[in-house]
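Asker: The following block contains a protein sequence and its predicted model.
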2 protein chains.
Amino acid sequence: MKTKAPQDLATAGTRERIVRTASRLMQRQGYEGTGIKQISREAGVTLGSVYHFFPGGKQELGAAAVRLGDEEFTELLRETLDAEPEPEKALPALAASLAQGLRDSDWLDGCPVTSTAVGTASGAPGIQRAAAEAFARWRSVVADSLVAAGFAASDAADLSHTVIATLEGAELASQVARSETPLEAAGRHLARLVASYR
Amino acid sequence: MKTKAPQDLATAGTRERIVRTASRLMQRQGYEGTGIKQISREAGVTLGSVYHFFPGGKQELGAAAVRLGDEEFTELLRETLDAEPEPEKALPALAASLAQGLRDSDWLDGCPVTSTAVGTASGAPGIQRAAAEAFARWRSVVADSLVAAGFAASDAADLSHTVIATLEGAELASQVARSETPLEAAGRHLARLVASYR
DNA sequence: CGATGACTAGAACGAACGCTCTATCCAGAG
DNA sequence: CTCTGGATAGAGCGTTCGTTCTAGTCATCG
């Protein structure tokens, strides 16, 4: 019990490999389009291990995948917003960063939370809840950043809704159109919108 | 051949019933989450009829469902934008209309094009293409409306990207959060953004 | 040492998947 | 009338689905 290092590392390694693989696959193929056997195969893990770590089955695994996507995007959000104190510059940079990720994956990797959660509104409440929490967390990160930049708290909370929604929608539009233009326009327009509250 | 009425009406009736049912189901469950047998069952049609009208199978049917969603939203877009000549008022009305549809369906019916197309980027090029065409058509409807309201053509084209992306993202956020707030904020902020180009 | 328990391994189950196939129906043409 | 071809009908194909279950591995601890 004291020597957690080897065993727990191996444990965490397997479990994390499953979640990462699930998140990546569901990001590209959606929740329903991704099979547990495919996940276990690509993660180099047997079916028994998957059900050992996720006794709740596919739903529990899907919810964990959404939570991982949540954490990853939260980190990107914090990094980008902290690197540039002026939201008028940080927002276009954020959009450009999303566009780059999209282009680098050949327009395959959209938002992992969205693609996993879409179509699971009915019948998978755990996933829907995880997605709702992700959106709420992202909003609060944006709102905090705006407050830190000197905006009124009420304006910041209000704007955070549209910042997240616009980025999400523009990423989707960019993916479908296979073009960076929607994200580029979104970054520029969000900067202009935010600036109008100065 | 002259008396098309009875036969062609029946034909169109069956085919259209299939597409409408497919569109509605895929809107709620996604493309992969919807089975052809479920579609035929709920449409009151046998499997043979589905493959008779859609020899291309599920992909062809999915593309037709996306095209139907495209037409429906295009019509809503035109109606709402034409009813109010000032975009500053029409955009919030549009957002409110989407919010109402979402709430009326108990947050189940999001954008039919998005939910069908997400996760089919790889492996279903016909559906991806239909979705891209839908987004492009919506943008041009918005851009035309802005030009008619007196905006410069270049500003209108530029803004149309963000208008569609923000509405799309806000509808998604509203659905996930089961709240009209994101769409309400989106309508208000889009009006403000557009007004800043006057 | 044997015992324990977390973890790995994969065969097997019933159900559902997309799709193919043959048979039947039936209005209109000749 | 027969004939024709679009439309309907659904059994059945092979495959994959999510899940369950038993067996086996292996480090740790008493």
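Answerer: Received the coordinates, thanks. Bear in mind that the values here come from a model prediction, so they are computed numbers and not experimental data.

Asker: Around the nearest residue to A:R178 once chain neighbours are set aside, how many other residues sit close by?
Answerer: Leaving out its chain neighbours, the residue that sits closest to A:R178 by Cβ to Cβ, 6 or more residues apart in numbering or on different chains is A:W107, at 4.7 Å. Glycine gets a C-beta too; all of them are placed from N, C-alpha and C. The number of residues packed near A:W107 is 18, by other Cβ atoms under 10 Å in any protein chain shown.

Asker: Name the SS class of A:W107, please.
Answerer: coil (DSSP: H, G, I helix; E, B strand; the rest coil).

Asker: Surely it touches B:Q128?
Answerer: No: using Cβ atoms under 8 Å, A:W107 makes no contact with B:Q128, being 9.3 Å away.

Asker: Mutual contacts of these two, please.
Answerer: B:A121 (Cβ atoms under 8 Å, 6 or more residues apart in numbering or on different chains).

Asker: The residue of chain A found nearest DNA strand C: neighbour count?
Answerer: Residue nearest to DNA strand C within chain A (Cβ to the nearest atom of the strand): A:G48, separated by 2.2 Å. When counting by other Cβ under 10 Å, one arrives at 9 neighbours for A:G48.

Asker: Distance check, it against A:I18.
Answerer: 12 Å (Cβ to Cβ, to the nearest Å).

Asker: what's the answer for A:I36, then?
Answerer: Counting by Cβ to Cβ - A:I36 and A:I18 are separated by 10 Å.

Asker: So for A:R198, what pLDDT did the model give?
Answerer: pLDDT for A:R198: 89.

Asker: now swap in A:G119 and tell me
Answerer: 81.

Asker: Regarding it, what is its secondary structure?
Answerer: coil.

Asker: For it, list the residues it contacts.
Answerer: Residues in contact with A:G119 (Cβ under 8 Å, 6+ apart) are A:G30, A:Y31, A:E32, B:R28, B:Q29, B:G30, B:Y31, B:E32, B:G33, B:S115, B:V118, B:G119.

Asker: what about chain A, any weak spots by pLDDT?
Answerer: A:1-12 (pLDDT under 70).

Asker: which residues of it fall in helices?
Answerer: Ranges of helices in chain A, per DSSP state H, are A:4-29, A:36-43, A:47-53, A:57-83, A:87-104, A:112-117, A:125-148, A:153-177, A:181-195.

Asker: does the longest one come close to DNA strand C?
Answerer: No: between helix A:57-83 and DNA strand C, judged by Cβ under 7 Å from any atom of the strand, nothing touches; the nearest distance is 12.3 Å.

Asker: Determine how far that helix lies from the middle of the whole chain.
Answerer: Between the centre of helix A:57-83 and the centre of its chain there are 5 Å (Cα atoms, centre = their mean, to the nearest Å).
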